[in-house]
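**Q** Below: sequence and its predicted model.
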Amino acid sequence: MADKLYHGAAWYPELWDERTLLQDAEEMKKAGINVVRLGEFAWSKMEPEEGRIELGFFARIIGLLNDNGIETVMCTPTATPPIWFSHGHPERMHVNEKLERMQHGSRQHACTNQAYYRSRAAAIAERLSRELGRLPGLVAWQLDNEFKAHVAECFCPECLSLWREWLRSRYGTIDKLNEAWGTDIWSERYAGFGQVPSPGPAPFLHNSSLRTMYRLFSMEKLAEFADEQATILRKHSDAPITHNGSVAFHADNERLFRGLDFASFDTYATCDNATAYLFNNDLWRNFKRGKGYWIMETSPSYAGSLTSWAKPHPNGYLKAEAAAAYALGAEAFCYWLWRQQRAGCEQPHGSVLSAWGKPTVGYANVLEVEEARKRLEPALADTRPAQAEVALVYSDRAKAFLLTEPHRRMNHRGLMTGFYERLLAAGLHRDVVPEGAELDGYKLLFTPFLPYLSPELTERAKAFMRDGGVWIAGPLTGTRTEEHTLHTDAALGELEKLAGAEAVYSYPMDESASRGRAFGLSAPLSMWSEVFEPKDATAVGIVEEGLTPGFAFATEKRIGKGKLVLLGSMPAGEEGERLLEKLMLHYADEAHVSVRSDVSGGTIVAPRRGDGYDLWVVVNMDGSGGSVTLPRPGWDPSTGEALPPGELRVGRYEFKIVRFNREEGGR
Amino acid sequence: MADKLYHGAAWYPELWDERTLLQDAEEMKKAGINVVRLGEFAWSKMEPEEGRIELGFFARIIGLLNDNGIETVMCTPTATPPIWFSHGHPERMHVNEKLERMQHGSRQHACTNQAYYRSRAAAIAERLSRELGRLPGLVAWQLDNEFKAHVAECFCPECLSLWREWLRSRYGTIDKLNEAWGTDIWSERYAGFGQVPSPGPAPFLHNSSLRTMYRLFSMEKLAEFADEQATILRKHSDAPITHNGSVAFHADNERLFRGLDFASFDTYATCDNATAYLFNNDLWRNFKRGKGYWIMETSPSYAGSLTSWAKPHPNGYLKAEAAAAYALGAEAFCYWLWRQQRAGCEQPHGSVLSAWGKPTVGYANVLEVEEARKRLEPALADTRPAQAEVALVYSDRAKAFLLTEPHRRMNHRGLMTGFYERLLAAGLHRDVVPEGAELDGYKLLFTPFLPYLSPELTERAKAFMRDGGVWIAGPLTGTRTEEHTLHTDAALGELEKLAGAEAVYSYPMDESASRGRAFGLSAPLSMWSEVFEPKDATAVGIVEEGLTPGFAFATEKRIGKGKLVLLGSMPAGEEGERLLEKLMLHYADEAHVSVRSDVSGGTIVAPRRGDGYDLWVVVNMDGSGGSVTLPRPGWDPSTGEALPPGELRVGRYEFKIVRFNREEGGR
Amino acid sequence: MADKLYHGAAWYPELWDERTLLQDAEEMKKAGINVVRLGEFAWSKMEPEEGRIELGFFARIIGLLNDNGIETVMCTPTATPPIWFSHGHPERMHVNEKLERMQHGSRQHACTNQAYYRSRAAAIAERLSRELGRLPGLVAWQLDNEFKAHVAECFCPECLSLWREWLRSRYGTIDKLNEAWGTDIWSERYAGFGQVPSPGPAPFLHNSSLRTMYRLFSMEKLAEFADEQATILRKHSDAPITHNGSVAFHADNERLFRGLDFASFDTYATCDNATAYLFNNDLWRNFKRGKGYWIMETSPSYAGSLTSWAKPHPNGYLKAEAAAAYALGAEAFCYWLWRQQRAGCEQPHGSVLSAWGKPTVGYANVLEVEEARKRLEPALADTRPAQAEVALVYSDRAKAFLLTEPHRRMNHRGLMTGFYERLLAAGLHRDVVPEGAELDGYKLLFTPFLPYLSPELTERAKAFMRDGGVWIAGPLTGTRTEEHTLHTDAALGELEKLAGAEAVYSYPMDESASRGRAFGLSAPLSMWSEVFEPKDATAVGIVEEGLTPGFAFATEKRIGKGKLVLLGSMPAGEEGERLLEKLMLHYADEAHVSVRSDVSGGTIVAPRRGDGYDLWVVVNMDGSGGSVTLPRPGWDPSTGEALPPGELRVGRYEFKIVRFNREEGGR
């Protein structure tokens, strides 16, 4: 797929007549669509009766597309088992936390752990691989659709059995489980694995370990299903396999993509939430590092269903999104959906063509994207996204911990996006990386909102610091063990020892008029916090007001050539945002972070590297236009225009391409 | 019932001792009560054991009332099946959308589609008809009580079978259903009617067609039950049959009243919601056109139950309500209830007498109503409500569509009342008419919020336009097919062709800073909207700001002697209210609407026609007093006072009666 | 326990290793902890397998504590039945109002009415009594933990049977029940007790009598369980028995504590809610009059769980709480919990030591409490809380009525605390007393928010008035019968006759712009109200505006040497607060209330009596400091300092002890 940029759309040929299909293929070419996704809900078309699998229709569609120069991402249809699967078989259906059993007619109604479901999913995948796996034009596979978008853990009896098996393999003996979970509390103690319940209806909260482990179990079983399916698809096909994920769903994306070949995500953020959009690009680039990622679904204008809609994009915004994505490492920018649904519950969803085959309100923007793609494709060729020097760790396991323990309705995604926004505001180029990522090449590492800090991550961070890296740990980091319990040696366990500071008190600061000062700025402090006595460390943030004045809320300690910074509390409000940015810039300077830019708010720089040169794509995302300071002379490879050092302006939702000769060591 | 005005109350003689009953009858006479409603919850009194039906008590009560000059509306008691029906028979109970099964002790706990329920309801209705149907004083029957006030669709297994039968008779073959509903989406496709579920628990939304059809099925089965009961009552009785309905309940009132003899409704709007009160009067007059309607229940002061209460009416408001109702065509104005409940869950509900037999805080207002009734009865005699020239179409089927597809929590009743309020503010006398209404006599027709526009209505509207009528279609009209899917030829299907305009784009406008201009005024535009290119039409409203400036949001086209106006968007805010009123007045002028008045806000004119003369009842509804401009000299038939042309003032909650000689063609 | 003040904490030795236990005992001594509560969740430790009961561990712990000078409150562990009880036995689990069945893993998951549960609870209690009942250091028993904190009524089939038995014993015949509940309404009527349902899922509200009686049944069965358990514990032990209750739980505390030996409560009010804290002290002192009460649980700083936290106490507040409690009659001030939970769902809850054994943010405050305790213990010795002259009646049965009939989300606890706050502001010392309390010694009696006024209470109040007492009845008092129905002779039944006033109208006043005037002040009137015509009484509060101007909302009538004041409406807003305080002070003067003080807002006086002298403890609760006027010279027994008459200042969260010689008859 190298150096080709895809512009794609989801298409449902099983819903339309022949004439419409031919017209669609024609119109796709006109709009510049060069890849199409097919089949993710088409199980009943593929297997109209149990065991009668007929894939000729899709083979023909892939051929039709290929004839029109359009490649295909083919999906397994397992999100929507047909009526022959559902009808008369309540035991195959998903059961939610309230023990309500789902029924046919929507999607994700089946339990994906159920043995019969797995066998039918295997059968359809095997046939897909065999019959479509080597067709010309087949560029990739997608598994299912948005795993666990609508449902979380399943509570069916079959899951209960699997859960107990999973526990047995995790803990070995029930005594170990009892000890790990502290089940002597509330007489929860189990005499055998066969007694451990799933965390269903209860008068009050369940044990945190039970609740969190059930989430991890569920995420692991989902990944196991994906692995099974991928193995089958690979039997007769070399096309790479992906899944269209999201940080909003109930999956461990790092684990899920371990068994897949490239990463894709769906996003429907409105223009007001461009930060979330950028966060996703900086994250999904890193689930399969070194490989391009796909935006598999986004709306050409607005999302919608029978019961809601998002506001349409302002004109121009779609192009800014696409330019940012391509420049940040996306290989594909794909719409949901090509032709508006005429029926079902997503009739109001934005599309490229209407249900009656006419351009929609987003259509002109789609043409702008195609124009941008054509301009970017040659310019980006032979370059790759620059290695960021700042890494922000993202963890779906941390999300699971926060779902179990949300403090006061805290939301993992919102917390992470808010933290990320400060890096953006500070002009620091960044990778959002999964927990297990290698840290080579980074200079500054942030791990906020990570209740459980694994020994593996800590070891990597130690090596990182030894080599000169600066690690900012916190807030809300290292406060819980792997089992979602407290440490019993120190508030932050090993982390405290490493950081040379003692967490003297640990308590919620939000309503206690707490304030702190660091790097010359003062701000309110918030969230559950630790305050430190620096033993073998230096206080860099001091509590000024509140219950514990004089204690540190941030400390630093030199480790190897680098540094460990403990951040025990979250600076809040606008003052807090400034303080956090100041902290980021302070340590970015210390760590000699050079991949950064002096860019105005609402505009971003996506840095890339070619052979002997650097490339910047500067994109205005907020519709107000903006500017960036060019550190040295450059030129625009798409126009040939020379760009002098100093301020470069970009218009509303416009983008600029700037090529620099490499100046080693320069900023 | 001609020319008699009823003043009534609901009474529960089965709850009180003999002495209290005699005292009540005496007190009713004093208060001017001339009709009483009996029996709607008294099944256990009528049939204390299964099969032992004893109606002597009610025969005696009807006699007692008749002896006191009070007529009776007798009810079937089917809203509250007795314990012998419920106990040990969960299969007879209502099951809600979450599959929770109801139990005895409240009301509407039985499934009204269940066969045994139907048979017991038939038996009690047959005996009621036979034993009470020809008693002196029996003026009418009421079926049940507030059908589907507390419950919506039933999800019991018996309903599931009936649903499948209903689908079979609607679609004939499963293929037709699959095609109509687009069930290839999400592999919903059914191989037979026996597989189609009711829209119960699911991870995400059900198919719109499934959801909406289940609502229509449920409303149709309810009407079928009402028809069955009416047929039985008519066996031995000529008294007309009604039901106390409401637009708030889950019924298709147009369909329901087709099989009944006159229309009645219940209303508990507070004085802050007088618009809703008037809307109901203008609507219920038209469910059985040409016949008087009844207000079967309203509170003398305030509604209440164990868990809520509405604020009491200010003194005087009740009289204004009654005067408005009688003048707008009501034959009866009845209270719920005569004597406060001493037990149960409605003890806090307002009444005429307290549970201890004393006048309540509303009592003096009841006497004022009686005084008004006496003054109006002779004045209104020999007159009938004037035919309005403006019709606003109301549809419970449209409500069903909006329940399935509420966009962003849009509420059909609120939307309709808001639209109606603009007509009121414009001083246009209006009928709110059901979808199936004949359009003879109207000059201006509004059909807002009608997603599915039936061919029948369109045909009637065409004839109406040919004869000179102006039809304003929209907003949110004609956007969906009968099956709750999209058109695939054009956004608005046939309507576009008729209107000579192409709906180029269709999208939600609310958060896109959209504004439009029409008739010299500018306003924000809102809701899901269509913007038009006038092909064979004229743009009369132009989008000024937003995503599609320059397109029309309103067009008009001459058709026959009349006109079709497409309104593609909803003007919003106060500016929008002014714009909408301007539009209404503009087309009222064009259509030569003459039944209108120059009346101050908060005061209404109810126009009536006698033989050679017109009669206006002018009522102040907002408690601030108001005025109307008399177009020519008149006189008050209740006092003989001459009323010169020009301003006529009415005091706080007062009403005036004005008689004019007919002046043909005059405004 | 006389004259010893306890300073305690809850401890879970079953959760920690031996070394930690020894360290804890040591640390407790340092912190001044002299009593510990054990065992309330330790059933699985005590009876690891069904029938194998082993209490040696706890015997040893009690010994260890005793060796360290720490006494023990031992608990029955019945709040958390072990897995051998739960697993495979859904029929033993609690079923909530929606008929959801609970499962193992939280607490209160068992039905406490279930026969097998009762038998196992009896077995463990018997062994506890036998093996631990006479151990040195065992100071008291606690039954279970926070009965019905997480659950309300159980709806399991076994409860349904017990409910029907209870009804049979309450009503004797089904006809009496039908008559009492007015079941002819809505054809609810039952032919036998076997037909009466529990008030589960229904389309609309259940009959008020059914709903309220099910609450009373449930509260009675709970007290029956407590009685059973207490009887068993007493077999082999003389230690007094308590339970840690709360007005927030679903229990009838008056009934519950009738069978127990002393009263205890749990409170987690933050400093913003000091009024609620004081209310509880003034209430729980009176559940077992003449005996000290315990604060069995309070947080040293903040409450917390996985899903919420309360803000930490400001420094100093804990000491103010403890001083107030001891002075108001508490024998014990105990924390939940000693050592932070390392696992489970309460890890974030405040504690004295952290899970890693270090002082928490609240620790310094705990030391301040100990200092206060040491200063107060000798000073309070030989004194007892002064008999208040003002009594405010509290009733959990009234709470049950308001749960059934909340008007508009009215909350009994909030209403009572708000009313109490006015007494506090008026400087009147007060007892909050249960319904059944003897009224000897009181001069002023308030019974607000008491829908059902029992003949027993009325009789006691009559005697009280004959002797000179002033009874203020209302608002919302006497409006309902024992069966939760209306009176049928008068709005307030017998109370009206006694008060010599007729409640002419009864209606909700909140939104009707109602105002009233009394004692020279005017204020808005609110809540469901009665307005009176004073027959044989005097109007003291007059409705000025609203629907019924000129009627009285408050009347008084001399009865014996005393007075009955009817308060028919609730003065609202700040004006209402002033009016209510004025009324309280007016009648306090009339009734010659002398136990009162001139104290600034946010500071309280706790008056006590010794032999020939009075003692005041003056505590600043709001952190702003305050002052009190000393009526005569006193001295501080803890310092010897002379305190002249006039203003005495207390600092932020400080307390002062003032000893006066008794001056009989003085104010």
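**A** Looks like it came in fine.

**Q** Only C-alpha atoms from now on, for both contacts and neighbour counts.
**A** Will do.

**Q** top helix in chain A by residue count?
**A** helix A:208-233 (DSSP state H).

**Q** quick check, it touching chain C?
**A** Yes. When contact is scored as Cα under 8 Å from any Cα of the partner chain, part of helix A:208-233 falls within range of chain C: A:208, A:209.

**Q** Give me the residue at the spatial middle of chain A.
**A** The centroid of chain A falls nearest to residue A:247 when counting by Cα atoms, centre = their mean (4.3 Å).

**Q** so where do the strands sit in the stretch 551-667 of chain A?
**A** Under the criterion DSSP state E, counting those that start in this stretch, the stretch 551-667 of chain A carries strands at the ranges A:552-559, A:562-567, A:570-571, A:603-609, A:613-620, A:626-630, A:634-635, A:642-643, A:646-650, A:655-661.

**Q** how about the ones you listed, which one is nearest chain C?
**A** strand A:552-559 (14.2 Å; Cα to the nearest Cα).

**Q** roughly how far is the closest one from the heart of the chain?
**A** Centroid separation between strand A:552-559 and its chain, computed with Cα atoms, centre = their mean, to the nearest Å, is 30 Å.

**Q** can you list contacts of that strand?
**A** A:462, A:465-466, A:499-501, A:516, A:529-534, A:536-543, A:563-569 (Cα atoms under 8 Å, 6 or more residues apart in numbering or on different chains).

**Q** quick one: the residue lying farthest from the centre of chain A from residue A:205, how far?
**A** When each C-alpha in chain A is compared with the mean C-alpha position (Cα atoms, centre = their mean), residue A:191 comes out farthest, at 39.5 Å. With distances defined as Cα to Cα, to the nearest Å, the gap from residue A:191 to residue A:205 amounts to 21 Å.

**Q** How about residue A:450?
**A** With Cα to Cα as the criterion, residue A:450 and residue A:205 are 22 Å apart.

**Q** the more surrounded of these two?
**A** Applying other Cα atoms under 10 Å in any protein chain shown to residue A:450 and residue A:205 shows that residue A:450 carries more neighbours, namely 26 against 20.

**Q** Make a markdown table from the strands of the stretch 551-667 of chain A and add mean neighbour count, mean pLDDT and distance to residue C:40 to it.
**A** Written out in a markdown table, the entries for the strands of the stretch 551-667 of chain A read as follows (neighbours: other Cα atoms under 10 Å in any protein chain shown; pLDDT from 0 to 100; distance: least, Cα to Cα, whole Å):
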| stretch | mean neighbour count | mean pLDDT | distance to residue C:40 |
| --- | --- | --- | --- |
| strand A:552-559 | 25 | 98 | 37 |
| strand A:562-567 | 26 | 98 | 38 |
| strand A:570-571 | 26 | 98 | 37 |
| strand A:603-609 | 25 | 97 | 59 |
| strand A:613-620 | 24 | 97 | 62 |
| strand A:626-630 | 20 | 97 | 64 |
| strand A:634-635 | 20 | 97 | 74 |
| strand A:642-643 | 16 | 96 | 76 |
| strand A:646-650 | 16 | 98 | 68 |
| strand A:655-661 | 22 | 96 | 67 |
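
**Q** out of those, which comes closest to residue B:324?
**A** Across the strands of the stretch 551-667 of chain A, residue B:324 has its closest neighbour in strand A:613-620 (60.8 Å, Cα to Cα).

**Q** which neighbours does that closest one have in its sheet, and in what orientation?
**A** Strand A:613-620 has the following strand partners under DSSP bridges: strand A:603-609 (antiparallel), strand A:655-661 (antiparallel).

**Q** Run a quick neighbour tally on residue A:131.
**A** For residue A:131, the number of neighbouring residues by other Cα under 10 Å comes to 17.

**Q** ok, for residue A:203, nearest residue in space, not its chain neighbours?
**A** In space, not counting the residues next to it along the chain, residue A:203 is nearest to residue C:150; the distance is 5.6 Å by Cα to Cα, 6 or more residues apart in numbering or on different chains.

**Q** show me the contacts for that neighbour.
**A** Contacts were defined as Cα under 8 Å, 6+ apart; by that measure residue C:150 touches A:203, A:204, C:108, C:249.

**Q** Now do the SS call for it.
**A** What DSSP: H, G, I helix; E, B strand; the rest coil gives for residue C:150 is coil.

**Q** Give me the phi and psi for it.
**A** Note on residue C:150: backbone dihedrals following degrees, to the nearest 10 are phi -100, psi -20.

**Q** So it versus residue C:84, what's the distance?
**A** Computed with Cα to Cα, the distance linking residue C:150 and residue C:84 is 22 Å.

**Q** swap in residue A:367?
**A** Using Cα to Cα, we find residue A:367 at a distance of 67 Å from residue C:84.

**Q** and the gap between the residue nearest to residue A:203 and residue A:210?
**A** 19 Å.

**Q** do the same with residue A:529
**A** Here the distance between residue A:529 and residue A:210 works out to 25 Å (Cα to Cα).

**Q** State the phi and psi torsions of the residue of the stretch 201-350 of chain A found nearest chain C.
**A** Using Cα to the nearest Cα, the single residue of the stretch 201-350 of chain A nearest to chain C is residue A:207, 4.3 Å away. Here the main-chain torsion angles of residue A:207 (degrees, to the nearest 10) amount to phi -50, psi 130.

**Q** Run a quick neighbour tally on it.
**A** Here the count is done by other Cα under 10 Å, and residue A:207 has 26 residues near it.

**Q** In this model residue C:344 seems to touch it, though I could be wrong.
**A** Yes. Between residue A:207 and residue C:344 a contact is recorded at 4.3 Å, counting by Cα atoms under 8 Å.

**Q** so what's in contact with those two at the same time?
**A** residue A:181.

**Q** Highest neighbour count among the contacts of residue C:150?
**A** The member of the contacts of residue C:150 that has the most neighbours, counting by other Cα under 10 Å, is residue C:108 with 28 neighbours.

**Q** Pretty sure that residue sits against residue C:77.
**A** No. With contact defined as Cα under 8 Å, residue C:108 does not reach residue C:77; the gap is 11.0 Å.

**Q** Could you pull up the contacting residues of residue A:48?
**A** Taking Cα under 8 Å, 6+ apart, one finds residue A:82 in contact with residue A:48.

**Q** just residue A:165 next, same as before
**A** Contact partners of residue A:165, counting by Cα under 8 Å, 6+ apart, are residue A:193.

**Q** again with residue A:344
**A** Residues in contact with residue A:344 (Cα under 8 Å, 6+ apart) are B:181, B:182, B:183, B:185, B:206, B:207, B:208, B:209, B:485.

**Q** Swap in 10 Å and give it another go.
**A** Counting by Cα atoms under 10 Å, 6 or more residues apart in numbering or on different chains, residue A:344 touches A:105-106, A:305-306, B:181-186, B:188, B:205-211, B:484-486.

**Q** Take the residues you listed and keep only those in helices.
**A** In helices, judged by DSSP H, the following of the contacts of residue A:344 are found: B:181, B:208, B:209, B:210, B:211.

**Q** Can you give me the neighbour number for the third one?
**A** The reference is to residue B:209. A count of nearby residues for residue B:209, using other Cα under 10 Å, gives 24.

**Q** Wait, it touches residue B:188, no?
**A** No. Counting by Cα atoms under 10 Å, no contact exists between residue B:209 and residue B:188, whose distance comes to 11.6 Å.
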